[in-house]
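Engineer: predicted structure and sequence below. I'll ask about it afterward.
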Number of protein chains: 2
Amino acid sequence: MVVIKKTPTIQDVARHASVSAATVSRVLSSPERVSETTRERVHAAVRDTGYTMNQAARSLRLKAARTILLAAPNIGNPFYSTIVDAVIREAAVRGYSVLVASRIGDDPNRWLRDYLLSNRADGLLLFDGSLDTGALHGLWDDGVSLPLVAAYDEIPDPQINSVITDNRLAASRAIRYLRELGHSKIGHIIGPSRNQSTNERLVGFREGMHEAGLQVRPEWLFQGSYNMESGIAAAEWFLAADELPTAVFCGNDEMAIGLIHRLRREKIDCPLDISVIGFDDIAVARYFDPPLTTMRQPREDIGKMATRSLIDIIEGTVPENEPIHVVLTSDLVVRESTRRIG
Amino acid sequence: MVVIKKTPTIQDVARHASVSAATVSRVLSSPERVSETTRERVHAAVRDTGYTMNQAARSLRLKAARTILLAAPNIGNPFYSTIVDAVIREAAVRGYSVLVASRIGDDPNRWLRDYLLSNRADGLLLFDGSLDTGALHGLWDDGVSLPLVAAYDEIPDPQINSVITDNRLAASRAIRYLRELGHSKIGHIIGPSRNQSTNERLVGFREGMHEAGLQVRPEWLFQGSYNMESGIAAAEWFLAADELPTAVFCGNDEMAIGLIHRLRREKIDCPLDISVIGFDDIAVARYFDPPLTTMRQPREDIGKMATRSLIDIIEGTVPENEPIHVVLTSDLVVRESTRRIG
DNA sequence: TTGTAGGCGTTATCAA
DNA sequence: TTGATAACGCCTACAA
């Protein structure tokens, strides 16, 4: 089924247009260096033969694949899918393809070699802060310097280019908002601690609490894993405490949804009995019942900016000694899962 | 930043191990054809030099990229992300990379050429039934036969390999279930008509209605586009009718969510006043309020089976004259958005 | 402005 | 079992 009549090569086109292969190549990559007439002849020949450039040969010759590698911990998560979409779109604009890898297996070092040093991809867009930076430096130490942009999840290494959001600020902003609503008994569902962004949100939470003169109570702190099941588990953890918080700041919307769902089973209503604020503003947030108050992450922008930066780096249109650090701002989106009390 | 000290080639390894490049190549691809001792020497040399195969060169030589192209209309949709995840995982198992393209632009023909005839990808996994099959046949006519598996969305061409679900049956099953619950005033939110699966669901809906001796009322039929906003619009359409249906079968869960959300604003409760049944069973379905009754699509299986089939075809381990047609079954998942009446 | 020639890194063929 | 060689399709000095 794979067999093809005969894929035309640049030679075939050359023959067809009665020019040399070099000329065809020039017409395709730097048309201005070819005379009007031959250019047209070559274009005609390209159409006639149905020629398509062989990318493998081109990559080999140019030592560039015009492809970027996107690595995320879990593409299945709807949060990432929007980002992926933005990445693909932006990459296409710049003429790049996107190779997607969902999980950086057990041996990131080997994995990175396989993809990046093998001429399959020219750069890496990393959406996984849990990756050991040691592995990245490992490549560095080998004398290799690879175009890399860490996005969304922070990597605690100022040398690494990054496009992130102001997690800490956003978290403290969320707490301040709850405080304004009159809440003082505030809980927090944390994400997995291997993610730096999680930790930033936790720090922001603590800061917000501190600023408000509020105590962080351990029984109102729960560590989840950014999925709805974690929200359920968190609800059960809170339920086991002597007293329920009146408001909970969740590390992401999914955990908020799980939390609200589980509490409702106990006739604890959101926002009547408890206010819940999420993080991300995933698509379903505004249509959930109650519509979720949340800290919106500019996901399209993250994807777009990260892609743009990476390609700039790959193409060397950006000074390489000063790392790129973009920090996008999150916005508080007030809906109906939070409510003024007392 | 791209510059690398010196990427070792197979030649470097050969020198290091005092063998020929050919031998190194053999050790790497058919170790059994090399003597124990040299094999070990070569392996050591590979480790020492930190050699990684240049995939571009390999692809050029082998005329195979060990990469598949995944094309979906909208990766941003959470429904697809799970499938994509499954595809990537399964492909990895078989040693394939996955190139993802979100939108098959205006000119699918050109697009397909660019990716598939250019040696970037060995086969296409198509999740978009709206693609004009003429374009596909265009390639065929050129004497080109490309490994292609259409998944999830049906393509009305028995020659094209496909992995789909029993949309028609599932739809009529949904109607039968509503009927069993005592409903006779049943509406339907259709997906975009360019998708064949949409049409199959519509046919199933009509069949189910017919079997039950029920009339399909046009004012209870609404065409959406598989997103939550469509559900909102559908609600408004139904609201404008003289009478509301007592049950609505939705083409997917997102439209069901939008519908329920909008009706609630009018104090029309699901499931008290209206039963709603979705399609797909996306992650949030079970935690939505009310938890959605829905026809679950085996998404991981779709992704896995489709990938497996495609790679089998690429590698020629499957007879090529008889197209593969896998039909997976959808399951009715009863939750709380549907309710007995009368 | 155009053509010639060499090489990118790999693997398959053939001979030793 | 191993090695020399050619070829995959393209681009880029360099020469004309």
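Structural biologist: Sure thing, it's come through.
Engineer: what sits against A:Thr49?
Structural biologist: A:Pro8, A:Asp12, A:Val13, A:His16 (Cβ atoms under 8 Å, 6 or more residues apart in numbering or on different chains). All C-beta atoms are positioned from the backbone trio N, CA, C, and that covers glycine.
Engineer: which helix or strand contains the last one?
Structural biologist: If you go by DSSP states H and E, A:His16 is part of helix A:10-17.
Engineer: quick check, A:Gly76 in contact with B:Val84.
Structural biologist: Yes: between A:Gly76 and B:Val84 there is a contact under Cβ atoms under 8 Å: 7.5 Å.
Engineer: identify the contacts common to the two.
Structural biologist: Listed as contacting both A:Gly76 and B:Val84 by Cβ under 8 Å, 6+ apart are A:Ser102.
Engineer: about what we covered before: what helices or strands is the helix holding A:His16 leaning on?
Structural biologist: helix A:21-29, helix A:36-49 (3 or more Cβ pairs under 8 Å, 6 or more residues apart in numbering or on different chains; DSSP states H and E).
Engineer: name the residues that touch the first one?
Structural biologist: For helix A:21-29, the surrounding residues in contact (Cβ under 8 Å, 6+ apart) are A:10-11, A:13-14, A:17, A:33-34, A:38-39, A:42-43, A:45-46, A:53.
Engineer: same thing but 6 Å
Structural biologist: Here helix A:21-29 makes contact (Cβ atoms under 6 Å, 6 or more residues apart in numbering or on different chains) with A:Ile10, A:Gln11, A:Val13, A:Ala14, A:Arg33, A:Val34, A:Arg39, A:Val42.
Engineer: what comes up buried for that helix?
Structural biologist: A:Thr23, A:Val24, A:Ser25, A:Arg26, A:Val27, A:Leu28 (16 or more other Cβ atoms under 10 Å in any protein chain shown).
Engineer: and the third one, how far is that from A:Thr67?
Structural biologist: Distance of A:Ser25 to A:Thr67, computed by Cβ to Cβ, to the nearest Å: 21 Å.
Engineer: what pLDDT, on average, does stretch A:195-214 get?
Structural biologist: Averaged across stretch A:195-214, pLDDT comes to 95.
Engineer: kindly report the same for stretch A:24-37.
Structural biologist: 94.
Engineer: stretch A:83-96 near chain B anywhere?
Structural biologist: Yes: Stretch A:83-96 lies within reach of chain B by Cβ under 6 Å from any Cβ of the partner chain, at A:Val84, A:Asp85, A:Ile88.
Engineer: which one of those is nearest DNA strand D?
Structural biologist: Using Cβ to the nearest atom of the strand, A:Ile88 is the member of these that lies nearest DNA strand D, at 23.3 Å.
Engineer: find the nearest non-adjacent residue to the closest one, please.
Structural biologist: B:Ser102 (4.4 Å; Cβ to Cβ, 6 or more residues apart in numbering or on different chains).
Engineer: residue contacts, that neighbour?
Structural biologist: Neighbouring residues of B:Ser102 by Cβ under 6 Å, 6+ apart: A:Asp85, A:Ile88, B:Ile75.
Engineer: shaky segments in the stretch 101-250 of chain A?
Structural biologist: A:103-109, A:129-145 (pLDDT under 70).
Engineer: tell me where it has helices.
Structural biologist: For the stretch 101-250 of chain A, the helices defined by DSSP state H, counting those that start in this stretch occupy A:108-112, A:133-141, A:167-180, A:196-211, A:228-240.
Engineer: list the contacts of A:Gly342.
Structural biologist: Contacts of A:Gly342 (Cβ under 6 Å, 6+ apart): A:Gly182.
Engineer: next, it: secondary structure please.
Structural biologist: Three-state call for A:Gly342 (DSSP: H, G, I helix; E, B strand; the rest coil): coil.
Engineer: same question, A:Ile277
Structural biologist: strand.
Engineer: pull the number of nearby residues for it.
Structural biologist: By the criterion of other Cβ atoms under 10 Å in any protein chain shown, A:Ile277 has 30 neighbours.
Engineer: rewinding a little: need the helices and strands packed on helix A:10-17 in CSV (columns: distance to DNA strand D).
Structural biologist: Shown next, in CSV, are the helices and strands packed on helix A:10-17 (distance: least, Cβ to the nearest atom of the strand, whole Å):
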stretch, distance to DNA strand D
helix A:21-29, 4
helix A:36-49, 10
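Engineer: between those, which one is closest to A:Val248.
Structural biologist: Nearest of these to A:Val248, taken as Cβ to Cβ: helix A:21-29 at 57.4 Å.
Engineer: relative to helix A:10-17, how tilted is that closest one?
Structural biologist: 100 degrees (axes from the mean of the first three to the mean of the last three Cα atoms, to 10 degrees).
Engineer: what does the stretch 201-342 of chain A have sitting close to chain B?
Structural biologist: A:Met228, A:Ile257, A:Gly258, A:His261, A:Val284, A:Tyr287, A:Asp289, A:Ile313, A:Glu320.
Engineer: just give me the closest of those residues to B:Arg296.
Structural biologist: A:Met228 (16.3 Å).
Engineer: taking the stretch 201-342 of chain A, what residue is nearest to DNA strand D?
Structural biologist: For the stretch 201-342 of chain A, Cβ to the nearest atom of the strand, closest residue to DNA strand D: A:Glu315, 13.3 Å.
Engineer: show the average pLDDT along stretch A:307-315.
Structural biologist: 95.
Engineer: which residues are contacting it?
Structural biologist: Counting by Cβ under 6 Å, 6+ apart, A:68, A:87, A:90-91, A:94, A:122-123, A:125, A:147, A:149, A:318, A:324, B:1 sit against stretch A:307-315.
Engineer: so what's A:Thr52 closest to, chain neighbours aside?
Structural biologist: B:Leu117 (4.4 Å).
Engineer: from DNA strand D, how far off is that neighbour?
Structural biologist: 10 Å (Cβ to the nearest atom of the strand, to the nearest Å).
Engineer: run a quick neighbour tally on that residue.
Structural biologist: 22.
Engineer: near chain B, which residues of the stretch 51-200 of chain A?
Structural biologist: Residues of the stretch 51-200 of chain A lying near chain B (Cβ under 6 Å from any Cβ): A:52-57, A:59-60, A:75-76, A:78, A:81-82, A:84-85, A:88, A:97-100, A:102, A:113, A:117-120, A:143-145, A:147.
Engineer: just the ones of those in strands?
Structural biologist: Secondary structure from DSSP state E places A:Ser97, A:Val98, A:Leu99, A:Val100 of these in strands.
Engineer: got these as TSV, with pLDDT columns?
Structural biologist: Below are these laid out as TSV (pLDDT from 0 to 100):
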residue	pLDDT
A:Ser97	94
A:Val98	94
A:Leu99	94
A:Val100	92
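Engineer: returning to what we had before: for the residues of the stretch 201-342 of chain A next to chain B, which one is nearest B:Pro271?
Structural biologist: Using Cβ to Cβ, these come closest to B:Pro271 at A:Asp289, 13.1 Å.
Engineer: secondary structure class for the closest residue to that closest one other than its chain neighbours?
Structural biologist: Closest residue to A:Asp289 apart from its sequence neighbours, by Cβ to Cβ, 6+ apart: B:Asp289 at 4.6 Å. With three-state DSSP as the basis, B:Asp289 sits in coil.
Engineer: surely B:Asp289 meets A:Pro290?
Structural biologist: No: using Cβ atoms under 6 Å, B:Asp289 makes no contact with A:Pro290, being 8.7 Å away.
Engineer: now the buried members of the contacts of helix A:21-29.
Structural biologist: A:Ile10, A:Val13, A:Ala14, A:Val34, A:Arg39, A:Val42.
Engineer: quick one: contacts for the fifth one?
Structural biologist: What it means is A:Arg39. By Cβ under 6 Å, 6+ apart, A:Arg39 lies in contact with A:Val27, A:Pro31.
Engineer: with the third one instead?
Structural biologist: By Cβ under 6 Å, 6+ apart, A:Ala14 lies in contact with A:Ser20, A:Ala21, A:Val24.
Engineer: ok so, going back, would TSV of the contacts of A:Thr49 with pLDDT and distance to DNA strand C be doable?
Structural biologist: Output for the contacts of A:Thr49, formatted as TSV (pLDDT from 0 to 100; distance: Cβ to the nearest atom of the strand, whole Å):
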residue	pLDDT	distance to DNA strand C
A:Pro8	92	17
A:Asp12	94	14
A:Val13	95	11
A:His16	93	12
